[in-house]
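Trainee: A structural model of the following input is requested.
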Amino acid sequence: MNRWFGHLILVLAAIGGAGVVVAETLPRCLFVSSYHQGYEWSDGVQAGIERVLEGRCQLQQFDMDTKRKKSKADKQAAAERARTLIEAWKPDVMIIADDNAARYLVKPYYRDAELPIVFCGVNWSVDEYEFPYKNVTGMVEVAPLKPMLEQARELSSGSDFFYIGANTATERKNLSRFEDAAASMQLSISSRLVDNTQDWIDTYKDAQKHAFVVVGSHAGINDWDEKKARAAIGPFSKRLSVTNHGWMMPVTMLGFTKVPEEHGAWAAEAALSILDGLPASQIPIVANRKWDLWVNRSLLEDGGISLPRNLAIKAKQVD
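Mentor: Residues are numbered from 1 along each chain as shown. Alright, predicted model coming up:
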């Protein structure tokens, strides 16, 4: 049994799945995603990584699936399975996406290790994980909160808003940033984090009492039904709604959204630099710089809300 085939058997036994295997002569790049394929953010990060690394390394992917399996025990078990894969396959560099891979895999097991690691999609700050380590660099995920809130305040002529999102650790972290931004901008914020689609609909309806609505992510609402939510909110959507998440645009009027492909592509380029001999410690941690502007014309029409022409013509339109 040759070395590659032996490693493949170990990998398959460890994770019960397969990845993309290129020529054995290429370096090994492992991508550990905190979430699952089919989640729009994760798919975008994956696309950015694959575009840069195609034909340049053997790329293996492991999905921790911690949006749908949310208990601490589930997250720790996923991290252990990832460790089994790492020890069996012995990657030359590892890319991780989002907070749970940082929290449950990198911080406990790979601080200042020999394995070089590039992170992306870690929300707002790396202080919780005490990055950088000598073997870790990456891209922090930030959202254009203040530009979005300034625009929403101007369009709604109001200073109070409501935040609605899923009841998850990521959304609690996002909500905290919105609370800080609101305080610095003399805005009043109310909020609710929900567990199911019907609660989301009911909360969105209650939020119409405020000047505008900030729509957080639905990721973590396991019964999320986009069609049900969109059909339900049309008749009572009378307040401007805004979001930082592209996948929430079907139920939101205006979006200032992050670009997941930017994270994946940057992390992949950093991984290639490491493979070329540049230590991770010499690659500075950065924040993302890109965002897209989106409008949902049908929902705006439902609410009888018109956007200024100079804003509308710059935006991409939701189908």
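Trainee: In which helix or strand does residue 75 reside?
Mentor: Per DSSP states H and E: residue 75 is located in helix 72-89.
Trainee: How about residue 255?
Mentor: Going by DSSP H and E, residue 255 is part of strand 254-258.
Trainee: which secondary structure elements does that strand contact?
Mentor: Counting contacts by 3 or more Cβ pairs under 8 Å, 6 or more residues apart in numbering; DSSP states H and E, strand 254-258 is packed against helix 145-156, strand 240-243, strand 291-295. (Glycine included, C-beta is placed from N, CA and C.)
Trainee: Name all residues that make contact with residue 250.
Mentor: Neighbour list for residue 250: 226, 230, 296, 318 [criterion: Cβ atoms under 8 Å, 6 or more residues apart in numbering].
Trainee: Just read off the phi/psi values of the first one.
Mentor: So that's residue 226. phi -60, psi -40 (degrees, to the nearest 10).
Trainee: what do you get for the second one?
Mentor: Phi and psi for residue 230, reported as degrees, to the nearest 10, are phi -60, psi -40.
Trainee: residues in contact with it?
Mentor: Going by Cβ under 8 Å, 6+ apart, residue 230 touches 250-251, 299.
Trainee: Columns secondary structure on top of these, output as a markdown table?
Mentor: Formatted as a markdown table, the contacts of residue 230 follow (DSSP: H, G, I helix; E, B strand; the rest coil):
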| residue | secondary structure |
| --- | --- |
| 250 | helix |
| 251 | helix |
| 299 | helix |
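Trainee: got those residues as JSON lines, with distance to residue 314 columns?
Mentor: Below are the contacts of residue 230 laid out as JSON lines (distance: Cβ to Cβ, whole Å):
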{"residue": "250", "distance to residue 314": "20"}
{"residue": "251", "distance to residue 314": "22"}
{"residue": "299", "distance to residue 314": "18"}
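Trainee: Let's have the residues you listed in TSV, adding pLDDT.
Mentor: Formatted as TSV, the contacts of residue 230 follow (pLDDT from 0 to 100):
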residue	pLDDT
250	96
251	97
299	95
